[in-house]
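> got a sequence here, can you build the structure:
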Amino acid sequence: MIKHYRQQWAVGHGFFHSGKIETDTASYRYVYDCGSHHSNHLANKRVNELYGIESLDSDKPSIDMVVISHFHADHINGVPRLFQQFKIRQLVLPFLSEDSQIVALAQLAATSPNAWNELHELVTNPRGWVNQHNGEETLIVQISENAGEVEVHRENDDGLFIGPPGIVNHNSTSGICQSQKVIWNFKFFIQNNSSASQSVIQKLQSSLSIPSRQILLDNLKNETWIKNNWDTIKKCYTGLGSSKQNATTLCMFSGPAGDYQLHDARISGKPLCYFQDCWWIHLHYGIGWLGTGDAELKSKTNFQAFMNHFNGHIEKTSTTSIPHHGSINNYHPKLGEIGFRHTITSDYAVDPKGHHPSPTVVSDIQAKCGTPIIVTKSSHFSERFFLEINAGSNLKCGA
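Predicted coordinates for the structure are as follows:
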């Protein structure tokens, strides 16, 4: 029997998702993003609550994998607290080109000099940042579109497999393994927005009279320069509009591998249904989760690339997070047809300004699949599944 728990934490306009897979002999804990728009205070509060839930006999419990979708402060300003409270075994983050680093650093600087000061090295030197935050033993995996595919697994202390460190192609499927068989899949998809990068870089170079990209990147690594030019950086960045404020996003699917029989499912602690020898849910819908970060999926081209990449996983998805807090600029109508539950993290059930979430997005999902679940500062969303996996012989782990 495998038990899977997952929760969308109450951080309002931000993102903090956690999951746990338990078997009879081991468990695997993961986090996808950890931040809040309301400064890091609320994110840190939720981390403390996670610490209470995940407390083990050891002084410092472990999280097996922390995934960062992108480097906006409202998605990562709680990550330092995660490293403070937990032993992080693996950090998965998008690989950033120099242009993407410029955009990420500009966004952190535009948020506040304090946000830049705490998080900028996570963008430019993740190994150094992790070592400074008591993560010397943390494996770092950067997901890229173009790096060579690597299919190596490392046996974890509890008998599960994680890996590998380095830069990994997003076509690789990562698995949690036990007894040399995959029992759970993680599938990543990285989206690079080169037009957003160009817009941010050109605006900054023009407004700050900087002759080259390299000089701009060097300046964005300099604390004194950030403080002296903070007002201009903020005006440049925010003036471009939200659709051009993120150059890279890492999406993630999480779900069981192979065929499975679902025995019980509960939503927010209440019985959803009891599935004893009942197959219709897993034939028509899976129980997987699909995280989209701030992916730009509105365009037909981007959405089709997203669908093609997750081919074989879309039909296994039950719960889909809507990108960028329900913004219409990131939403394709067919997103409302993936799975049968949709979560939006926002301060509002419907934003009175029409942005996060957009009334159009909420009404479209409502028409297709029922009212989306809006996770605010005070309301969370949790799911629980009990299942048995019949892993096929083709799902053996790598050596």
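> can you give me the helices for the protein?
Remark: helices assigned in the chain by DSSP state H are 39-54, 73-76, 79-85, 98-111, 113-124, 126-132, 194-208, 213-219, 223-228, 230-239, 280-284, 300-309, 359-369.
> can you tell which of those helices is closest to Asp264?
For the helices of the chain, the distance to Asp264 is smallest for helix 280-284, at 11.4 Å, taking C-beta to C-beta. Using the backbone N, CA and C atoms, a C-beta is placed for each residue, glycine as well.
> re the thing from before, mean pLDDT lowest where, among the helices of the chain?
In terms of average pLDDT, helix 280-284 trails the rest of the helices of the chain, at a mean of 41.
> got the contact list for His4?
With contacts defined as C-beta atoms under 8 Å, 6 or more residues apart in numbering, the neighbours of His4 are 19-22, 256, 287, 384-385, 387.
> okay, and which of the residues you listed map to strands?
Using DSSP state E, 19-22, 256, 384-385, 387 are the members of these that sit in strands.
> among the residues you listed, who's most crowded?
Pro256 (25 neighbours; other C-beta atoms under 10 Å).
> correct me if wrong: that one contacts Ile183.
Yes: shown here, Pro256 and Ile183 form a contact pair, counting by C-beta atoms under 8 Å, at 7.0 Å.
> intersection of neighbour lists for those two?
2, 389.
> tell me, what's the model's pLDDT at the closest residue to Glu22 other than its chain neighbours?
Using C-beta to C-beta, 6 or more residues apart in numbering and skipping residues adjacent in sequence, the residue nearest Glu22 is Lys3, 4.3 Å away. pLDDT for Lys3: 92.
> and Lys3, bridged to which residues?
In this entry, Lys3 is beta-bridged to Glu22, Phe386, by DSSP bridges.
> also the one 4 residues further on?
Note on Gln7: beta-bridge partners by DSSP bridges are Ser18, Ser382.
> any idea how far it lies from His380?
Gln7 sits at a distance of 6 Å from His380 (criterion: C-beta to C-beta, to the nearest Å).
> where does the stretch 251-399 of the chain dip in pLDDT?
Within the stretch 251-399 of the chain, the segments meeting pLDDT under 70 span 269-285, 391-399.
> if you set the cut-off to 90 instead, what comes out?
Along the stretch 251-399 of the chain, segments meeting pLDDT under 90 span 257-286, 340, 348-354, 368-371, 378-380, 387-399.
> and the residue nearest to Glu22, how close does it get to Asp24?
From Lys3 across to Asp24, the span is 10 Å (C-beta to C-beta).
> for Leu42, same thing?
Taking C-beta to C-beta, one finds Leu42 at 36 Å from Asp24.
> who's more crowded, these two?
Between Leu42 and Asp24, Leu42 has the larger neighbour count (other C-beta under 10 Å), namely 21 against 8.
> so who does that one touch?
The contact partners of Leu42, by C-beta under 8 Å, 6+ apart, come to 11-12, 14, 36, 377.
> how about stretch 19-37: buried residues?
Neighbour counts using 16 or more other C-beta atoms under 10 Å place 19-21, 23, 26-37 of stretch 19-37 among the buried residues.
> which ones among these map onto strands?
Checked against DSSP E, those include these in strands: 19-21, 27-36.
> of all those residues, which two lie farthest apart?
Ser27 and Ser36 (26.4 Å).
> and stretch 101-116, how far out from the chain's middle?
Relative to its parent chain, stretch 101-116 has a centroid offset of 19 Å by C-alpha atoms, centre = their mean, to the nearest Å.
> any idea how many residues pack against Glu373?
Small correction: residue 373 is Ile, not Glu. 20.
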